[in-house]
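**Student:** After the sequence you'll find the predicted model.
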Amino acid sequence: MADKQPQNPTSWSKKIRRLQPPPESDGNASKAAAWKAVKYPNAPDSFNPDPVTLRDQWRFAIRQYSRWYAHAWGTAILAGISFFALGWFVKGSNPIPSLSRQPPLEDKTPPHPRHQ
């Protein structure tokens, strides 16, 4: 990525100008016809691909989604383990009270006068 040279600003501005609608002319019909004549760099296909190609594209998309889904779960599990370890390090013991072996400390605060 570091070896890429910066794009020439003049070529970039030419691409932008090509995609903008033409300046207003004498009539609406000529404006619409000129706008339709603009060529897009990534034009849609003029026809639907054959079923074999569509099936192949669908399988590729499913594989990609499955890979991203698995990576997301892996990242979430790794983050959970990391935060658990960080909590253990900061607290000095198990950060989850339900998993600790010692009984919880009794609450020594006096009851509220309303609940007596």
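**Tutor:** Cool, got the structure. Small disclaimer: the values here were computed from a predicted structure and weren't measured. Residues are numbered from 1 along each chain as shown.

**Student:** Let me know the secondary structure of Asn42.
**Tutor:** Here Asn42 takes the coil state, with states given by DSSP: H, G, I helix; E, B strand; the rest coil.

**Student:** Could you check which helix or strand contains His71?
**Tutor:** Using DSSP states H and E, His71 maps to helix 51-91.

**Student:** Next: Asn94.
**Tutor:** Under DSSP H and E, no helix or strand contains Asn94.

**Student:** what about Ser66, neighbour count?
**Tutor:** Here the count is done by other CB atoms under 10 Å, and Ser66 has 10 residues near it. Every C-beta, even on glycine, is put in place using the N, C-alpha and C of the backbone.

**Student:** distance of it from Arg59?
**Tutor:** To Arg59, Ser66 is 11 Å away according to CB to CB, to the nearest Å.

**Student:** for Ile96, same thing?
**Tutor:** Ile96 is 42 Å from Arg59, where distance means CB to CB.

**Student:** helix, strand or coil for the residue lying closest to Gln57 once chain neighbours are set aside?
**Tutor:** Spatial nearest neighbour of Gln57, excluding adjacent residues (CB to CB, 6 or more residues apart in numbering): Pro49 at 7.7 Å. The three-state label given to Pro49 by three-state DSSP is coil.

**Student:** Flag the shaky bits of this protein, pLDDT-wise.
**Tutor:** Along the chain, the parts satisfying pLDDT under 70 run over 1-38, 99-116.

**Student:** let's see it at 50
**Tutor:** With pLDDT under 50 as the threshold, the chain has low-confidence stretches at 1.

**Student:** Test my guess that Pro95 contacts Phe89.
**Tutor:** No: Pro95 lies out of contact with Phe89 (CB atoms under 8 Å); the separation is 9.2 Å.

**Student:** Looking at the two, which one has more neighbours?
**Tutor:** Per other CB under 10 Å, whichever of Pro95 and Phe89 has more neighbours is Pro95, with 16 against 9.
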